[in-house]
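S.K.: fold the stuff below for me.
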Amino acid sequence: MNQDIENYTSPDFKGEPVYTFLFHTNNPDVDHGGICSINIEISGAGDVDSAKLNISMPSYLVDGKVEVKYNSPGRETRSFEEVPPITMGLPLELFTNWTPDGFSPINRGERYFNGLPLISFSFKVPKKAPRGGHKIFFTLTYKGQKSNKWYKDNQIMEIRIKRFYETPMGKFILILAAIIAALPGLPTLWNILDILWSMIQTFLCSL
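M.R.: Residues are numbered from 1 along each chain as shown. Here you go, the predicted structure:
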């Protein structure tokens with residue numbers, strides 16, 4: 001642990017480490033071709049000697065590579081791109097404690113800096129990815145500084161790729177069909193629309 005990190009360490013949170021992994025996203029429901037962005041926090045206390053994070057997701061969820069960003073305070077944001085699964089070593093400063101403006105000590109990995117989390121990642125959803133729910137698995141692994149014991153925390157996040165009737169185009173078609181069906185004197189057209197709607201429902205259920 002270098003001197004810069006030691007300056008942030010608080011004696012209030014010394015001892016065997018206990019950490020959990022947290023994640024947040026503003027778009028858990030995405031369209032084909034959309035971007036899914038996820039922010040990462042690490043909360044807990046204790047002395048850590050080394051740590052890593054594994055991100056596992058189906059390859060069909062990613063168009064190209066996953067972009068991972070690390071926003072260290074006072075430094076330029078670093079980023080890299082990789083195909084899943086992704087395993088990355090975590091900087092020890094994420095597990096150090098910090099006392100901002102004289103308040104109670106907090107874990108550095110719990111804070112955003114300049115409106116940005118310390119770690120975030122994003123990926124583009126392919127146009128042919130299966131619709132419905134999909135899971136992303138996270139494993140945080142870390143080692144106690146004094147005991148040399150390893151610990152881990154597993155978390156699962158679910159994202160949904162919108163079904164056709166949830167997309168703007170799907171909603172437009174449904175509304176248009178309802179308007180046409182409501183027009184008087186068009187029983188034949190109504191029958192045709194009814195048949196088409198049954199076919200659409202059958203197709204959507206098969207996805």
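S.K.: name the element the spatially closest residue to Thr139 that is not a sequence neighbour belongs to?
M.R.: In space, and not counting its chain neighbours, Thr139 is closest to Asn54: 4.4 Å by Cβ to Cβ, 6 or more residues apart in numbering. In short, each C-beta sits where N, CA and C put it, glycine included. Using DSSP states H and E, Asn54 falls within strand 48-56.
S.K.: my read: Asn97 touches Arg108, true?
M.R.: Yes. Between Asn97 and Arg108 there is a contact at 6.9 Å, judged by Cβ atoms under 8 Å.
S.K.: helices or strands up against the helix or strand just after the strand holding Asn54?
M.R.: As assigned by DSSP H and E, the chain's next helix or strand after strand 48-56 is strand 66-70. With contacts taken as 3 or more Cβ pairs under 8 Å, 6 or more residues apart in numbering; DSSP states H and E, strand 66-70 sits against strand 78-82, strand 86-89, strand 119-124.
S.K.: out of these, nearest to Asn148?
M.R.: Nearest of the helices and strands packed on strand 66-70 to Asn148, taken as Cβ to Cβ: strand 86-89 at 17.5 Å.
S.K.: send the alpha carbons of that closest one over as PDB?
M.R.: C-alpha atoms of strand 86-89 as PDB (Å, rounded to 0.1, in the frame of the first residue of the first chain):
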ATOM      1  CA  ILE A  86     -14.100  -9.700 -17.700                       C
ATOM      2  CA  THR A  87     -11.700 -10.100 -14.800                       C
ATOM      3  CA  MET A  88     -10.100  -6.900 -13.500                       C
ATOM      4  CA  GLY A  89      -7.800  -6.200 -10.600                       C
END
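S.K.: which residues are in contact with it?
M.R.: Residues outside strand 86-89 that contact it (Cβ atoms under 8 Å, 6 or more residues apart in numbering): 50-56, 66, 68, 121.
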